[in-house]
Every structure is written in structure tokens, then in C-alpha cells.
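[1] Next input, structure requested:
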Amino acid sequence: MPLWVEFDWLRQAVLNDPVLQQVIRRVGPANEPMGPYTVVNGNLIHKGRLVLPKGSNLVQKILGECHTTPSGGHSGGLRTLKRVAGNFYWVGMKADVLKMVAECDICQRQKYQATKPSGLLQPLPIPELVWEDVSLDFIVGLPKSRGFDVIMVVVDRLSKYSHFILHKHPFNAKGVAENFIKEIVRLHGVPRQPPVLTNFVLGETKVAAVGLELSDRDEVLRHLKYNLQRAQNSMTKYANGRRKNMKFQVGDLVGSMAYKLQIPKGSKIHHVFHVSLIKWAVGAGHALQEIPRGLDADFIMGFEPHKVLSTRIKRMGTNDKLEVLISWKDKATEEATWEDAKEREAQFPHFTLEDKANLKGEGIVRVLEDHPKPNVKFVYTRRHKNPV
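    Alright, predicted model coming up:
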């Protein structure tokens with residue numbers, strides 16, 4: 001029969017506790033129940049649960065067993081309290097359990113907060129002039145047309161006038177800059193330094209048509225700014241209704257929604273974080289961890305393709321996508337991964353997939369001649385239906 005080896009120590013701790021000793025004396029040698037308390041086999045019981053001294057080391061062991069072990073599973077405060085209260089009781093048990101769960105370092109690091117995200121919406125300022133501030137984005141993954149499969153979209157943030165510029169994949173910063181100068185700067189000047197548009201003054205020109213055009217232009221700009229401001233106010237009100245404003249007293253504030261943090265020396269990550277990525281650390285038992293592997297050195301891609309082992313056609317909706325099984329240089333064959341053929345060809349232009357792959361067969365998965373075929377043990381066959 002299993003025995004709890006700490007029973008003797010627990011009895012001695014109860015006897016040394018003045019509050020519990022007073023309860024035992026009230027129960028008396030006749031073992032008459034005093035409210036919820038009774039004495040069973042020399043142990044003080046509270047409603048069928050073993051009573052522990054409040055400040056004993058056994059309380060911390062039980063809290064750890066019911067919360068941090070695999071059976072505890074780092075459950076929430078109420079679930080951990082229910083697990084503890086099933087067998088044990090001490091004065092202030094609920095407060096101790098909730099405090100321990102709130103200060104758990106693993107829970108704070110790994111669990112998300114089921115609350116509104118931090119950080120209010122910060123809309124960009126409305127430009128004063130056309131082509132003073134532009135946005136740029138790319139539409140990729142298009143079917144090729146005359147060799148082009150990418151569209152660069154440049155939009156003036158004030159007038160919403162747009163340019164759609166053709167590109168070929170892969171493209172680099174030099175090609176984007178050349179097309180930007182050719183199609184945007186040539187027509188509208190350099191952003192942040194656009195042609196100056198002075199406000200029209202009545203009587204400035206003697207040509208009535210020119211005066212009317214300039215007056216209409218100024219009126220259009222006023223309407224644009226007014227409507228953009230209304231849209232920003234509406235979006236800000238709607239977005240901030242689902243967010244909360246979080247302020248931290250310690251640390252340097254960068255802008256209005258970012259903070260500069262003290263991070264371990266030697267790390268290669270930026271030390272400024274948005275307020276939505278920061279939360280208060282409860283308790284004082286937070287040990288600084290070592291820098292994760294990969295963040296203590298320069299970010300250099302350590303993967304280089306070595307050989308194509310196989311190919312396959314993967315159905316993505318109504319389209320077929322070619323994937324290749326690539327073994328990487330200085331990596332084991334077991335670490336070979338399936339990669340998109342077009343993406344790898346764009347990322348490693350000097351590694352020609354067609355030259356590396358000696359394919360045979362016309363099936364969905366093509367196997368290389370020098371690659372051993374898998375040992376097939378079981379083959380699925382459809383069961384024939386009995387004729388009616």
C-alpha cells in the first residue's frame with residue numbers, strides 16, 4: 001500500500017502552526033467536529049480535504065505539481081484552483097493559486113492575452129500637394145503576357161491617381177528604381193519635391209478660362225483633403241473601438257506607439273518594438289534566457305541547393321504547380337524539402353532546375369533515374385460494388 005512519506009513532516013508543521021494548533025485544541029481529544037474541521041488519523045481535515053500550513057514548503061510543491069507539470073498543463077487560475085482544492089486546503093488558498101498562475105513565467109511568455117490589442121490607430125498625415133507622398137506595391141503571380149507577370153502599382157495618396165507599370169519576375173531594386181524614374185519622376189517629379197502648386201488669387205490672370213481652371217483645381221484639392229480627413233476620422237474611431245491604449249512608464253518612448261527596450265548584448269534584432277508586442281511582466285522571477293540560435297550572428301541564409309531528387313505536380317485549386325524535391329548543400333538527404341520550382345528558380349537563378357533533374361516518366365511524381373525507388377508494401381485498391 002503506497003504511503004505519503006511527508007505525512008510525518010506535515011503533522012509536525014501543523015503542530016508548529018499556532019493558528020492550526022488552536023483549531024486542533026478546539027476539536028479536542030473526543031474528535032468532535034468544530035464547524036468544517038475534523039481530525040482523522042492525526043491529520044487536520046477541512047471538509048474532507050487535508051489542511052496545510054499556509055507558509056509551508058509543501059504548498060509551493062503542490063502548486064507546482066498542479067500547474068507546471070505535464071498533468072497540470074499550465075492551466076488557468078480557476079482550473080488550477082479546482083485541481084488543488086480537490087484534496088488540499090489552507091487559509092488564503094484561492095489568492096495564492098491565482099497569484100502563482102499570474103506570475104508563471106512560461107504562461108506569460110507563451111500564452112496570448114484574450115483582450116483588445118494594444119496600440120491605437122495612427123493614420124498618416126494627409127499630403128498638402130499632389131504627388132508629394134506616394135504608395136507603392138506589387139501584384140505578383142499573374143499569368144504571363146508578352147513576358148510580363150508583375151504589375152507595380154504607384155498611387156498618389158492625395159488625388160488617388162494611379163500608375164500601373166509592367167515588370168518581369170524576378171525583379172530587383174535597380175529595375176524598380178529605373179522604372180520609377182522613367183514612369184513617375186518623368187511625369188510628376190521626385191516625391192516630397194513635387195512641382196509647387198500655388199493657390200489661385202482672383203485677378204491674377206486676365207484669361208478667364210485659365211482663371212476658371214485654377215479656381216476649380218483649388219476647389220478639388222480642398223474637397224479631397226476634406227473627404228480624406230473625414231474618412232480617416234471614421235476609420236480611426238472604428239479601429240480604436242477594438243483596441244486599447246497601453247502606456248509604459250519605464251523605457252524610452254519612440255514616436256507615440258513604440259518603445260526602446262534593453263535587449264541582451266550581441267543580439268542582432270532591433271531594440272524598438274510596437275506597443276502591441278509588449279506586455280507587463282508580473283512577478284520578479286523572470287530569468288533572462290540565452291539568445292536563441294540564429295539571433296547571435298549575422299542573418300546569412302545557410303541553405304544552398306545541391307541537387308534535385310524528384311519532381312511532382314501539386315494541384316492548387318484549378319491550377320497545377322510544379323514542385324521539386326531539393327537536397328541542400330552540406331545537409332543530410334533526410335533534410336530534403338519540397339519547394340516551389342518557380343520560387344527556387346527566382347531565388348537561385350544560377351541553379352538551373354532543368355539541368356539538375358534527369359527525369360523519366362509522365363506521372364504526377366517524377367523520380368530521378370539515380371534515385372532509389374521506394375519499397376512499396378501496401379497498395380490501395382477500390383472495393384468493387386456488388387451488382388444490384
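
[2] going forward, measure contacts between C-alpha atoms and count neighbours the same way
    Fine.

[3] Could you tell me whether Met152 really is in a strand?
    Yes - under DSSP: H, G, I helix; E, B strand; the rest coil, Met152 falls within a strand.

[4] any idea how far it is from Asp133?
    Distance, Met152 to Asp133, using CA to CA, to the nearest Å: 16 Å.

[5] For Arg11, which residues are in contact?
    Listed by CA atoms under 8 Å, 6 or more residues apart in numbering, the contact partners of Arg11 are Gly42, Asn43.

[6] What's the separation between it and Ala95?
    Taking CA to CA as the measure, Arg11 falls 24 Å from Ala95.

[7] just Val23 next, same as before
    22 Å.

[8] quick one: which of those two has more around it?
    Comparing Val23 with Ala95 by neighbour count (other CA atoms under 10 Å), the higher total belongs to Val23, at 15 against 11.

[9] got any ranges where the stretch 51-200 of the chain has weak pLDDT?
    Residues of the stretch 51-200 of the chain meeting the criterion pLDDT under 70: 192-200.

[10] again, but for the stretch 251-388 of the chain
    Residues of the stretch 251-388 of the chain that meet the cut-off, pLDDT under 70, sit at 251-253, 285-302, 352-388.

[11] what packs against the helix or strand in which Arg25 is found?
    Applying DSSP states H and E as the criterion places Arg25 in helix 18-27. Identification of packing neighbours for helix 18-27 by 3 or more CA pairs under 8 Å, 6 or more residues apart in numbering; DSSP states H and E yields helix 7-16, strand 37-40.

[12] which of those is buried the deepest?
    strand 37-40 (a mean of 19; mean count of other CA atoms under 10 Å).

[13] Run the chain-centre distance for it.
    Strand 37-40 sits 52 Å away from the centroid of its parent chain (CA atoms, centre = their mean, to the nearest Å).

[14] Grab the CA positions of that strand and hand them over as PDB.
    Below are the C-alpha coordinates for strand 37-40, written out as PDB (Å, rounded to 0.1, in the frame of the first residue of the first chain):
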ATOM      1  CA  TYR A  37     -12.800  20.900  10.800                       C
ATOM      2  CA  THR A  38     -12.100  17.400  12.000                       C
ATOM      3  CA  VAL A  39      -9.100  15.300  12.900                       C
ATOM      4  CA  VAL A  40      -8.600  12.000  11.100                       C
END
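
[15] which other helices and strands contact it?
    The contact analysis (3+ CA pairs under 8 Å, 6+ apart) places strand 37-40 against helix 18-27, strand 43-46.

[16] now, of the ones you listed, which is deepest in the fold?
    For those, where neighbours mean mean count of other CA under 10 Å, the stretch averaging the most is strand 43-46, with a mean of 20.

[17] In its sheet, which strands sit next to it, and in what direction?
    The strands that strand 43-46 pairs with in its sheet are strand 37-40 (antiparallel), strand 49-51 (antiparallel) (by DSSP bridges).

[18] those helices in the stretch 201-350 of the chain, which residues are they?
    Using DSSP state H, counting those that start in this stretch, the helices found in the stretch 201-350 of the chain span residues 208-240, 341-347.

[19] Return the set of buried residues in the first one.
    With burial defined by 16 or more other CA atoms under 10 Å, the residues of helix 208-240 counted as buried are Gly211, Leu214, Leu221, Leu224, Lys225, Leu228, Gln232, Asn240.

[20] now do the last one
    By neighbour count, with 16+ other CA under 10 Å as the criterion, the buried positions of helix 341-347 are Ala341, Lys342, Arg344.

[21] so what secondary structure elements neighbour that helix?
    Using 3+ CA pairs under 8 Å, 6+ apart, helix 341-347 sits against strand 319-328.

[22] What are the contacting residues of the strand it packs on?
    By CA under 8 Å, 6+ apart, strand 319-328 touches 303-315, 333, 335-342.

[23] Using PDB, write out every CA atom in it.
    In PDB, the C-alpha atoms belonging to strand 319-328 read as follows (Å, rounded to 0.1, in the frame of the first residue of the first chain):
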ATOM      1  CA  ASN A 319      -4.200  25.200 -61.200                       C
ATOM      2  CA  ASP A 320      -1.200  22.800 -61.200                       C
ATOM      3  CA  LYS A 321       2.000  23.800 -59.500                       C
ATOM      4  CA  LEU A 322       5.400  22.200 -60.200                       C
ATOM      5  CA  GLU A 323       7.400  21.300 -57.000                       C
ATOM      6  CA  VAL A 324      10.900  19.900 -56.800                       C
ATOM      7  CA  LEU A 325      12.500  17.800 -54.000                       C
ATOM      8  CA  ILE A 326      15.800  19.600 -53.300                       C
ATOM      9  CA  SER A 327      18.700  18.300 -51.300                       C
ATOM     10  CA  TRP A 328      20.700  21.100 -49.700                       C
END
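
[24] Can you tell me the strand partners of that strand and which way each runs?
    Using DSSP bridges, the strands paired with strand 319-328 are strand 305-316 (antiparallel), strand 337-340 (antiparallel).

[25] okay, which residue is most central for the protein?
    Taking CA atoms, centre = their mean, the centroid of the chain lies closest to Leu277, which sits 9.0 Å from it.

[26] Gly35 versus that one, what's the distance?
    50 Å.

[27] One more: Pro170?
    Applying CA to CA, the value for Pro170 to Gly35 is 80 Å.

[28] Which one's more surrounded, the two?
    Using other CA under 10 Å, the more surrounded residue of Pro170 and Gly35 is Pro170, with 14 against 9.

[29] from memory that one sits against Ala346, does it?
    Yes - at 5.7 Å, Pro170 and Ala346 qualify as touching, with contact defined as CA atoms under 8 Å.

[30] one step back: dump the helices of the stretch 201-350 of the chain into JSON lines; add distance to Tyr112 as well.
    As requested, the helices of the stretch 201-350 of the chain are exported to JSON lines (distance: least, CA to CA, whole Å):
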{"stretch": "helix 208-240", "distance to Tyr112": "20"}
{"stretch": "helix 341-347", "distance to Tyr112": "33"}
